[in-house]
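Novice: pasting the sequence and the predicted coordinates here, then a few questions.
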Amino acid sequence: MLRRILFLVGLLTFSGLIWHIGPVRIVDAVAGLGPIAGVVILLPSLLMYLLEAYGWRLTLRQYADAVSFGRLLAIRTAGEVVNMTTPTAYVGGEPLKAMLLKPSGVPMIEGLASVITAKTTMTIAQVLFILLGIGLAFGLVGSSGGGHASLLAAVVGVGLLLFGIALFVMVQRIGLFLGLLNVLRWCRIRIAYLEAREDKLRELDRTILDFYTRDRRAFVLSISFFFLGWLAEALEVFVILHYIGGGRADPLAAVAIGALSVFIKGGTFFIPGSLGAQEGGNLLVLVVFGYSEVVGITFALLRRVRELVWIAIGLLCLAGLGGTLTQTGEPSQKP
C-alpha cells in the first residue's frame with residue numbers, strides 16, 4: 001500500500017514537472033537530436049554494462065572460464081531488469097543471476113557468493129564515484145548559496161553509506177548467513193527452510209570469506225572495473241549534455257552531475273523506479289550547474305528512455321536464457 005502511495009506521489013511530481021516546464025518546449029529540445037544522436041547516447045551505457053559484467057566475472061574465480069563472457073553479460077542484463085522492475089530494492093535479481101549460472105556448471109553456492117561479493121565491490125566503487133563527484137561539485141559550483149548546503153548534506157549521507165558498506169563487509173567476513181540464522185534463533189524465530197540448510201549457509205559464508213582473504217587482487221580489480229563502469233555513466237552525461245546543452249559539456253562537470261544523479265537514485269530506492277524523485281533531483285542538479293530547466297528535464301527524460309531500452313534488452317535476455325521460474329524454483333531450460 002505504501003509503495004502504491006509513493007508511486008502515485010512520484011507520478012504526480014513527474015507530471016507536475018512536465019506541466020511546469022512545458023511539454024512543447026521539451027519536445028522541441030528532443031526533436032532536433034535525430035537517430036544518430038540516439039545511438040551515440042546509448043553507447044556509454046553499453047560500455048557500462050560490459051565493464052560491470054567483467055567486474056562480476058572477477059568474483060567467479062575458478063569458475064570464470066566456465067561461462068562465456070557473452071552469456072555472463074546476458075545473465076547480468078537479465079538480472080538487472082528484475083532489479084529495476086520489481087519492488088526488491090535492487091537486489092531481487094541477484095539470486096536469479098546465480099540460478100542462471102547453474103547450466104554453465106557453476107555451483108549454486110559459488111554463484112550466490114559471486115553475486116554477493118560483486119554487489120559489494122560494485123557498491124564500494126559507487127561510493128568512491130559519488131565521493132569523487134561531490135568533491136568536483138564543491139570545486140565547480142563553489143561554496144556559496146544553497147548548493148553548498150546540499151553538497152554538504154550529500155557528503156554526510158555518503159559518509160553514512162560508506163560506514164554501512166564497511167560494516168556489511170565486516171559482517172560478511174564474520175559470517176553473514178549463519179549470523180542471520182543465529183539472530184533469528186535468538187529472537188526465537190524458526191524458519192524451517194533456513195534451518196534445513198544450515199550446512200549450505202555455512203558453506204556459503206566460508207566461500208565468501210575465502211574470496212576476501214585469498215583473492216584480494218580480484219577484489220581490488222573488481223572494484224576498479226565497476227568504478228570504470230560508473231565513469232562510463234559520467235560519459236553518458238557528457239554525451240547527453242553535448243547534444244541538448246548547446247555544446248556546453250564539461251568532462252569534470254559530467255562526472256559531478258553523474259555522481260550526484262547516482263546518489264539521488266540510490267537515496268530514493270524506496271520509491272518505485274525513483275519516479276518523480278529522479279527527475280526532480282536531476283533537474284535541480286542541472287540547474288545548480290547552470291543549465292536551464294528545459295535541459296534538466298530533457299536530460300532526465302533521455303536517461304529514462306535509456307532505462308527503458310535496457311529493460312527491453314533485459315527482458316529479451318531473460319526470455320532467451322529460459323529465466324522463467326518453475327514451481328520447483330529452478331529456471332526452465334529452453335533449447
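Specialist: Noted; the coordinates are in hand.

Novice: please count neighbours and contacts with C-alpha atoms only from this point.
Specialist: OK.

Novice: in this structure, which spans are helices?
Specialist: For the chain, the helices defined by DSSP state H cover 2-21, 23-31, 34-57, 69-85, 93-101, 108-141, 145-174, 176-186, 192-195, 198-214, 216-244, 251-267, 277-288, 293-320.

Novice: in a markdown table: these, plus mean pLDDT, distance to Y63 and mean neighbour count.
Specialist: Formatted as a markdown table, the helices of the chain follow (pLDDT from 0 to 100; distance: least, C-alpha to C-alpha, whole Å; neighbours: other C-alpha atoms under 10 Å):
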| stretch | mean pLDDT | distance to Y63 | mean neighbour count |
| --- | --- | --- | --- |
| helix 2-21 | 68 | 39 | 15 |
| helix 23-31 | 67 | 45 | 14 |
| helix 34-57 | 92 | 9 | 18 |
| helix 69-85 | 91 | 12 | 21 |
| helix 93-101 | 89 | 10 | 23 |
| helix 108-141 | 89 | 8 | 21 |
| helix 145-174 | 62 | 21 | 15 |
| helix 176-186 | 68 | 22 | 15 |
| helix 192-195 | 66 | 26 | 11 |
| helix 198-214 | 81 | 13 | 17 |
| helix 216-244 | 94 | 13 | 22 |
| helix 251-267 | 87 | 31 | 22 |
| helix 277-288 | 84 | 37 | 21 |
| helix 293-320 | 89 | 21 | 19 |
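
Novice: residues contacting the residue nearest to G111 when sequence neighbours are not counted?
Specialist: Nearest non-adjacent residue to G111, counting by C-alpha to C-alpha, 6 or more residues apart in numbering: A98, 4.4 Å away. By C-alpha atoms under 8 Å, 6 or more residues apart in numbering, the contact set of A98 is M108, G111, L112, S114, V115.

Novice: distance to T85 added to those, as TSV?
Specialist: Listed next are those as TSV, based on distance: C-alpha to C-alpha, whole Å:
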residue	distance to T85
M108	24
G111	22
L112	21
S114	22
V115	19
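
Novice: now flag whichever of those residues is closest to I5.
Specialist: Closest to I5 out of the contacts of A98 is V115 (31.6 Å), distances taken as C-alpha to C-alpha.

Novice: for A37, see how far away the closest one is.
Specialist: Applying C-alpha to C-alpha, to the nearest Å, the value for V115 to A37 is 34 Å.

Novice: could you do I116 as well?
Specialist: Applying C-alpha to C-alpha, the value for I116 to A37 is 36 Å.

Novice: could you do L315 as well?
Specialist: Distance from L315 to A37, counting by C-alpha to C-alpha: 24 Å.

Novice: before we move on, what about F129?
Specialist: With distances taken as C-alpha to C-alpha, F129 is found 26 Å from A37.

Novice: repeat for Y63
Specialist: 39 Å.

Novice: same check, this time on R303
Specialist: As judged by C-alpha to C-alpha, R303 and A37 stand 13 Å apart.
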